[in-house]
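Undergrad: my questions are about this predicted structure, shown below with the sequence.
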Amino acid sequence: MMSALYALWAGSFGSWYAFTSGTLVRAVPLMLTGLGVAVAFRAGVFNIGAEGQLLAGAVAATAVGLHGSGMLGPATLPVALVAGALAGAAWAGIAAVLRVRFGVLEVISTLMLNFVAADLVSYLVRGPLQEPLHIYPQSSSIPAIARLPQFGPATRLHWGIVIAVVLVFVVAWELAHTAAGFRVRAVGANPSAAWATGRVPVSRVTTRAFLFSGLLAGLAGAIEVTGVTYALYENLSPGYGFTAIAVAILAGLQPLGVLPSALVFAGLESGATAMQRDAGVPAAWASVVEAGLILAVVGVIALRARARSAAANGGPP
Amino acid sequence: MSDAAAIALIGITKRFGAVTALDRVDFGLRAGRIHALLGENGAGKSTLMGVLFGLTSPDAGVLELNGEAVRWQSPRDAIRAGIGMVQQHFSHVPALTVAENVALGGRGRFDVAQAAAEVTRVGTKAGLAVDPMARVADLSVEAQQRLEIVRALAHGARMLILDEPTAVLAPGEATKLLAWLRRFADDGGAAALVTHKVREALAIADDVTVLRAGRRVATGVVNEFTAESLARAMFPEERETRAAPRANPQPGAMIVSAERLAVRGAPGEPGIVDATFALHAGEIVGVAAVERSGHTALLRALAGLQTPGSGRLALPPEVSFIPGDRHRDALVLDFPLYENLALRHLGTRHGLMRWPAVRARTSRILEQFQVRAASGSSRARSLSGGNQQRFVLARELDAHPTLLVAENPTRGLDLAAAATIHARLLDAAHAGAAVVVYSSDVDEVLELAHRILVVHNGVVREVPVTRELVARAMVGAA
């Protein structure tokens, strides 16, 4: 037991190398996708398709990295990142259109689009984007010019972390201090009042938040390809887009809360690998801990809400 | 079930907490007769029908079926005794087919094929055609109502309770339904027709009962009544005589003009047709209507929340609206008051929220309009209902609106809180706003208004500010 916990600690926060190359590297996609999920949930959009949007972003960034570097030169990297972000937004856009035009619940459509995206990647790495020898189901590596620089030879940590942290602060500021952010919060908290009192065009605001959420997930995918994997392959993401939901919930849907929340989940996943290797404990136990954590947080939120409504009504409901 | 079925409710009393909803009320149904049940909102009609259908158990009184005392544990017992109810809000599953819905409420096995055959058989016999394979969600409101009736008949009903059945129907469809109901009774059925509309009762019913504040105030054979006597029975005499209806000393400039205006209602709600009126600065115009008359569509159109279907409606650029449901439409309960203020007055510069200015304005409004709250940062949820409403009104009045539309502005408030709201509305009119007030309490409208528009069956009509004329117009007796 102790050795398992020690291994979990050692593999996540126990050494500088484990922290930067393990935990922080995993925290980058979790911050971005978690931030996207938090924004969507705040707007009342239950986007659980960050995984699919992340993969869409990874595909777009890979395509630009592989085929655009000759033409784009040093602009390849920024173009790849932008293309990934736009692809994520477009992937979310499919579900957004289905929601606005046909009233399809985004919980269903985004979940399904995750599978479509995963199968699309499977097809691409065996077809159009497969490496030239056609042996492995993966793309060639993108050239160095298309890669995000790392912080040094001794670490896997790359500049994506700066992008992620800056975006967390930008989004936190947007939600608190801009009219657009205020409208997103109002629409999520009470769409009827937002419309009847504030004349806020509810479906336009939710659609924008939806697309923005996809944009962040798509960027996460692009950063993963340009900063970590350098190539597209199946299982590129160990479910970052799903863990993102947990990250957002643990963060209380607060953008700044996403930073520590992403670190916790990144640490658990990073440590779980070490725990399995060094102590022979199945990595699945880390998932059990994650699930327990989420249930505890959800429980606390529910209890707080109940206490608050009891206080407002002068007694238990 | 014999054709001479009869059921009587004798001395029914029902209390909800301190409120006596029904006070020793008698009511009965007999084969071959339609019994109309009339009353204002909250008079006890629905509670009484609930007792008859086994939804509500009375605190005192008995039910007698063909002379024998009976007791309903649930609607199941009432249905077994041959009673069927057509609810105002339909009670079927939209995603299922007609036959599946009928099979759901049936006895024994869930047999769709048999239910489909039953729908066709009953429908043909009763002259109410419904396609058993149609999905309920695809049916028109009128067809959904037919389904409710067919379902009741398929379950063996010989006595039907119809709760405001014509409120959701277009006039032509309403006539057809009432004609069908007459035939149903002539063939030996019995029916209770709950309605606000006295003309409907006089035209179709054999017997009439009027409830007021939980008591039976009139009952008898239909030809003992006139539209006037029924309207008078439904609405009590004026509580206190007040000064002669104020004429507005000097109506100001025209603020709103509507010409042949038509507005669609929300799904299942009536709209308004062909309304022509004008509103002027400085006057309070009351809107009086019984439920589901179309006034909601009128108010939403005036508030600029709903675009007219046809006709012309000229509104000022800024309209202030006090929604009837403040928790749903006026406040974000979990936001602090200053953010709730921002909902109405963003106060942005270059897309940025200027929170210090918004907070300052909130504090000023709280003080100026005497809203009791710990501070501008208190959550809206933490305020009492009266203070929430004062805040909502203050938020609108602070912008000095030229048109203020208020829907049930004092609902749920105590007398003192209601009085301050009334004072504010009068102030707004004095300050030159055109004020439109709808209240489900007619007396409140009469108390405030310089002029009154009555909405009945989607028709908007100006009526002199007297209790009797307004009450009669509201139920279509004038």
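TA: It's in.
Undergrad: right, and B:Lys45 touches B:Ala36 too?
TA: No - the pair B:Lys45 / B:Ala36 is not scored as a contact, 10.4 Å apart, by C-beta atoms under 8 Å. All C-beta atoms are positioned from the backbone trio N, CA, C, and that covers glycine.
Undergrad: what touches both of these two?
TA: The contact sets of B:Lys45 and B:Ala36 overlap at B:Val194 (C-beta atoms under 8 Å, 6 or more residues apart in numbering or on different chains).
Undergrad: any stretches of the chain with poor pLDDT?
TA: Just going to use chain A. Residues of chain A that meet the criterion pLDDT under 70 lie in A:1, A:308-317.
Undergrad: meant chain B actually
TA: Using pLDDT under 70, the flagged stretches of chain B are B:1-5, B:41, B:105-109, B:170-171, B:236-249, B:268, B:478.
Undergrad: would you mind listing what in it touches chain A?
TA: B:303-305, B:321, B:323, B:328-335, B:339, B:342-344, B:346, B:348, B:351-353, B:355, B:381-382 (C-beta under 8 Å from any C-beta of the partner chain).
Undergrad: which of those residues fall in helices?
TA: B:328-329, B:339, B:342-344, B:355 (DSSP state H).
Undergrad: just the buried members of those residues?
TA: B:329, B:339, B:342-344 (16 or more other C-beta atoms under 10 Å in any protein chain shown).
Undergrad: of those residues, closest to B:Leu315?
TA: Closest approach to B:Leu315 among these (C-beta to C-beta): B:Arg344, at 17.3 Å.
Undergrad: is it true that that closest one touches B:Leu393?
TA: No - with contact defined as C-beta under 8 Å, B:Arg344 and B:Leu393 do not form a contacting pair (11.4 Å).
Undergrad: can you redo the buried ones among the ones in helices among the residues of chain B next to chain A as JSON lines with distance to B:Glu228?
TA: Listed next are those as JSON lines, based on distance: C-beta to C-beta, whole Å:
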{"residue": "B:Asp329", "distance to B:Glu228": "38"}
{"residue": "B:Glu339", "distance to B:Glu228": "53"}
{"residue": "B:Ala342", "distance to B:Glu228": "52"}
{"residue": "B:Leu343", "distance to B:Glu228": "47"}
{"residue": "B:Arg344", "distance to B:Glu228": "45"}
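Undergrad: just the helices in the stretch 101-250 of chain A please.
TA: Ranges of helices in the stretch 101-250 of chain A, per DSSP state H, counting those that start in this stretch, are A:106-124, A:160-177, A:179-189, A:191-196, A:202-224, A:240-250.
Undergrad: now swap in the stretch 51-200 of chain B and tell me
TA: Under DSSP H, counting those that start in this stretch, the stretch 51-200 of chain B gives helices at B:75-80, B:98-104, B:112-126, B:141-154, B:171-186, B:198-204.
Undergrad: what's the angle between the fourth one and helix B:112-126?
TA: Just to be clear, that refers to helix B:141-154. Helix B:141-154 and helix B:112-126 are oriented at 100 degrees to each other (axes from the mean of the first three to the mean of the last three C-alpha atoms, to 10 degrees).
Undergrad: quick check: A:Ala85 is in a strand.
TA: No - counting by DSSP: H, G, I helix; E, B strand; the rest coil, A:Ala85 is not found in a strand; it is helix.
Undergrad: wait, B:Ser257 sits on B:Ala275?
TA: No - the pair B:Ser257 / B:Ala275 is not scored as a contact, 11.0 Å apart, by C-beta under 8 Å.
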